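> Fold the following for me, if possible:
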Amino acid sequence: NAIVLPSSCGVAKPDPRIFHTALEHLEVSPEAALYIGDREVDCVDAARAAGLRALRYDPSAGRQAPNVLTNWGELTDRLERMGEAGRAGR
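As a prediction, this is how the structure comes out:
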């Protein structure tokens, strides 16, 4: 586990260095990570710019909204689909 705060690393979203700092602490590559944030521009787009896969969490979005997680119960299915897509892309 890692908690990376702007006050501890000197950078904040949307700066990609905050994501890279978290990944370093977790010893995980950007390609192996999934970021879930509640704001598109300064969270989700920033994570994608840093090389991570990312979803926006929005319970009010339609269930079929692309790249949006509408409830935490969907997470397992999304992770499985991402894994299948990654294996198919090899």
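
> Show me where the chain dips below the pLDDT cut-off.
Along the chain, the parts satisfying pLDDT under 70 run over 85-90.

> buried stuff in the longest helix seen in the chain?
The longest helix of the chain (DSSP state H) is helix 75-88. Using 16 or more other Cβ atoms under 10 Å as the test for burial, helix 75-88 gives residue 78. C-beta here means a position set from N, CA and C on the backbone, and glycine is covered the same way.

> Can you list the neighbours in contact with it?
Here helix 75-88 makes contact (Cβ atoms under 8 Å, 6 or more residues apart in numbering) with 34, 36, 53, 55, 69.

> mind listing what the residue nearest to the spatial centre of the chain touches?
With distances taken as Cα atoms, centre = their mean, residue 35 lies nearest the centre of the chain, 1.3 Å away. Contacts for residue 35 were tallied using Cβ under 8 Å, 6+ apart; they are 19, 43, 44, 47, 52, 53, 54, 55.

> Tell me the secondary structure of it, please.
Three-state assignment for residue 35 (DSSP: H, G, I helix; E, B strand; the rest coil): strand.

> so what's it closest to, chain neighbours aside?
residue 47 (3.7 Å; Cβ to Cβ, 6 or more residues apart in numbering).

> Regarding that neighbour, which helix or strand does it belong to?
Following DSSP states H and E, one finds residue 47 within helix 46-49.

> which ones are touching residue 22?
Taking Cβ under 8 Å, 6+ apart, we find residue 22 in contact with 2, 4.

> just use 242 as the starting number from now, easier for me
Taking 242 as the first residue, the last one we looked at is residue 263.
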